[in-house]
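Participant: Attaching a predicted model along with its sequence, questions to come.
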Amino acid sequence: MALDDNAVSDMLRREELWLIKSFLSITDPSKRQRVLKLAEQLAEDAASDPAGLAFASIQASPAEAPKGAPARTE
C-alpha cells in the first residue's frame, strides 16, 4: 500500500512542525547551537547519500511523533 502525495506531504509537515516545537523548547543557547550544528552535519551526510536522504524523509510516521508541545529543557 503506497501513500498518496497528500498523505506524505501531511506527514512531512507534521514532522517539520514537531522539530520546530522541539527546537524552540530548548532555552539554553549553547544547547541550541549544538542542535543546529548536529542538524547541519546530518543534512550534509544525507546530501552525500541520496538513498539515505530519501529514506530519512519518510521513515518516521505521524504516530511516532509526540503529541502536543514538548516540555522545556535547559
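Facilitator: That came through, no problem.

Participant: got a pLDDT number for residue 34?
Facilitator: On pLDDT, residue 34 comes in at 98.

Participant: where does it land in three-state SS?
Facilitator: What DSSP: H, G, I helix; E, B strand; the rest coil gives for residue 34 is helix.

Participant: Same check on the one 10 residues further on?
Facilitator: Under three-state DSSP, the three-state class of residue 44 is helix.

Participant: neighbours around it, how many?
Facilitator: Residue 44: 9 surrounding residues under other Cβ atoms under 10 Å. (Each C-beta comes from the backbone N, C-alpha and C, glycine too.)

Participant: what do you get for residue 12?
Facilitator: 14.

Participant: Can you tell me how far it is from residue 32?
Facilitator: In this view, residue 12 and residue 32 are 23 Å apart by Cβ to Cβ, to the nearest Å.

Participant: do the same with residue 41
Facilitator: 15 Å.

Participant: can you check residue 47 too?
Facilitator: Remark: distance between residue 47 and residue 32 (Cβ to Cβ) = 23 Å.

Participant: what about those two, which has more around it?
Facilitator: Set residue 47 next to residue 32 and count neighbours by other Cβ under 10 Å: residue 32 wins out with 13 against 10.

Participant: The more buried one and residue 22 touch, don't they?
Facilitator: No: the criterion here is Cβ atoms under 8 Å, and residue 32 misses it with residue 22 at 11.0 Å.
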